[in-house]
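Enquirer: Got a sequence here, can you build the structure:
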Amino acid sequence: MNFKLSALLAALGTLTTVPTVTAGPIAYGICQTGCNAVVVACYAGAGAVFGTITAGVGTPAAIIACNVALGQCSAACAVVAFTPTP
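Expert: Reported below is the predicted structural model:
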């Protein structure tokens, strides 16, 4: 009986030292992939190709809006990377 109790206490001690799990790099990568897919569609809707335009004085407003949306989406992904998961 003593052996079973000590094994149980050892298992509980081990489990209590495990750190909280976070979503981490996999969830962050999935989120960023979604953001990039949306911005590619946004650029296509504006008649441009993502990655071929530098933001300058003559950049169309629709492209600037796509870039702003990408920035906000990427910021939300940073929060996802640190959100605890069950």
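Enquirer: Show me what the helix or strand containing Asn36 is packed up against.
Expert: Taking DSSP states H and E as the criterion, Asn36 maps to helix 24-45. If you count contacts as 3 or more CB pairs under 8 Å, 6 or more residues apart in numbering; DSSP states H and E, helix 24-45 packs onto helix 61-81. From N, CA and C alone the C-beta is placed, and that goes for glycine too.
Enquirer: quick one on the thing from earlier: so what angle separates the directions of the helix holding Asn36 and helix 61-81?
Expert: Counting by axes from the mean of the first three to the mean of the last three CA atoms, to 10 degrees, helix 24-45 points 170 degrees away from the direction of helix 61-81.
Enquirer: so what pLDDT did the spatially closest residue to Ser74 that is not a sequence neighbour get?
Expert: Closest residue to Ser74 apart from its sequence neighbours, by CB to CB, 6 or more residues apart in numbering: Cys35 at 5.6 Å. In the predicted model, Cys35 carries a pLDDT score of 96.
Enquirer: count of residues packed around Cys35?
Expert: Counted with other CB atoms under 10 Å, the neighbours of Cys35 add up to 18.
Enquirer: Would you check that it makes contact with Cys77?
Expert: Yes - contact criterion CB atoms under 8 Å: Cys35 and Cys77 qualify, at 6.3 Å.
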